[in-house]
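J.: When you get a sec, could you give me coordinates for this:
(one chain, ligands or ions: 3)
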Amino acid sequence: MMRAILVGFMGSGKTTVGRLLANQIQVPYHDLDDVIVHRTGKSIQQIFDDEGEATFRMLEHDALMNSLGDEGILGTGGGTPIQPANFELLVQTTVPVILLDVLPETILARLRNDSGRPLAKKLGLAGLIDLKHQRDDRYNRVSDIRIATDHLTPEQVVEKIMQELSVLK
Ligand SMILES: Nc1ncnc2c1ncn2[C@@H]1O[C@H](COP(=O)(O)OP(=O)(O)O)[C@@H](O)[C@H]1O
Ligand SMILES: O=C(O)C1=C[C@@H](OP(=O)(O)O)[C@@H](O)[C@H](O)C1
Ligand SMILES: [Mg+2]
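T.: Ligands and ions are numbered 1, 2, ... in the order given. Okay, here's the model as predicted:
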């Protein structure tokens, strides 16, 4: 079983914080995007370009199903909780789900120089903010703990998660 699952919008720090947290408590880190890249031999951008978002979402659902029972920390993608089947899995799991939250301006600052997120490229800044508003309710509903990351370093976010998880036990 996973120790914790990280959810949140693109740029909230799921991948960065997940790796750091796993490293700190010496368990494996699994990232759904990485599982998909490994399985297909393609980048996320290539999958969106060649096969479209719907195919990516099927691969993402498979990756989630196959990862939940593994040991470690799981970093999801920003769209993972939005798919209804994934939403149900995340609501029902007994693994603590942690929402890394961010303000729109933080997202923009963190993703400014990033080219690996096809949706960010396609939607532009205003579209990204709109997408976050559409998703926020789902993020809140699947998560047990919410951490506002805007004014924290990744190390401080890890520290907060460790405090919250020890409270949960
Ligand atoms: N707490 C943080 N403070 C500042 N920068 C951060 C923080 N968390 C992540 N970042 C940076 O933001 C970018 C996106 O982080 P990433 O971990 O890939 O987010 P996600 O997986 O949620 O999309 C990266 O450049 C990362 O270094
Ligand atoms: O928000 C989304 O729909 C997506 C987020 C990405 O993951 P990160 O949240 O780790 O950037 C990746 O799964 C894909 O580009 C789609
Ligand atoms: Mg990520």
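J.: Please count neighbours and contacts with C-alpha atoms only from this point.
T.: Noted.
J.: so what's A126 scoring on pLDDT?
T.: pLDDT for A126: 89.
J.: Let me see the backbone angles for it.
T.: Per-residue torsions, A126: phi -60, psi -40 (degrees, to the nearest 10).
J.: What count of nearby residues applies to it?
T.: By other C-alpha atoms under 10 Å, the residues close to A126 number 10.
J.: start at 58 instead
T.: Shifting the count to begin at 58 puts that one at A183.
J.: Would you mind measuring from it to ligand 2?
T.: 15 Å (C-alpha to the nearest ligand atom, to the nearest Å).
J.: With V84 instead?
T.: Distance of V84 to ligand 2, computed by C-alpha to the nearest ligand atom: 20 Å.
J.: how distant is the helix or strand hosting H118 from the center of its chain?
T.: For H118, the host element (DSSP states H and E) is helix 110-124. Centroid displacement of helix 110-124 relative to its chain, using C-alpha atoms, centre = their mean, to the nearest Å, is 13 Å.
J.: And that helix, what's buried?
T.: By neighbour count on 16 or more other C-alpha atoms under 10 Å, the buried set for helix 110-124 is E110, F113, R114, L116, E117, H118, A120, L121, S124.
J.: Spell out whether that helix and ligand 2 are in contact.
T.: No: Helix 110-124 lies out of reach of ligand 2 by C-alpha under 6 Å from any ligand atom, never closer than 7.8 Å.
J.: Give the rounded mean pLDDT of that helix.
T.: Mean predicted confidence for helix 110-124 is 98.
J.: Report all helices and strands that it contacts.
T.: helix 89-97, helix 101-108, helix 141-149 (3 or more C-alpha pairs under 8 Å, 6 or more residues apart in numbering; DSSP states H and E).
J.: Same list (the buried residues of helix 110-124) but as JSON lines, adding distance to P211.
T.: As requested, the buried residues of helix 110-124 are arranged in JSON lines below (distance: C-alpha to C-alpha, whole Å):
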{"residue": "E110", "distance to P211": "29"}
{"residue": "F113", "distance to P211": "28"}
{"residue": "R114", "distance to P211": "27"}
{"residue": "L116", "distance to P211": "28"}
{"residue": "E117", "distance to P211": "25"}
{"residue": "H118", "distance to P211": "27"}
{"residue": "A120", "distance to P211": "25"}
{"residue": "L121", "distance to P211": "24"}
{"residue": "S124", "distance to P211": "24"}
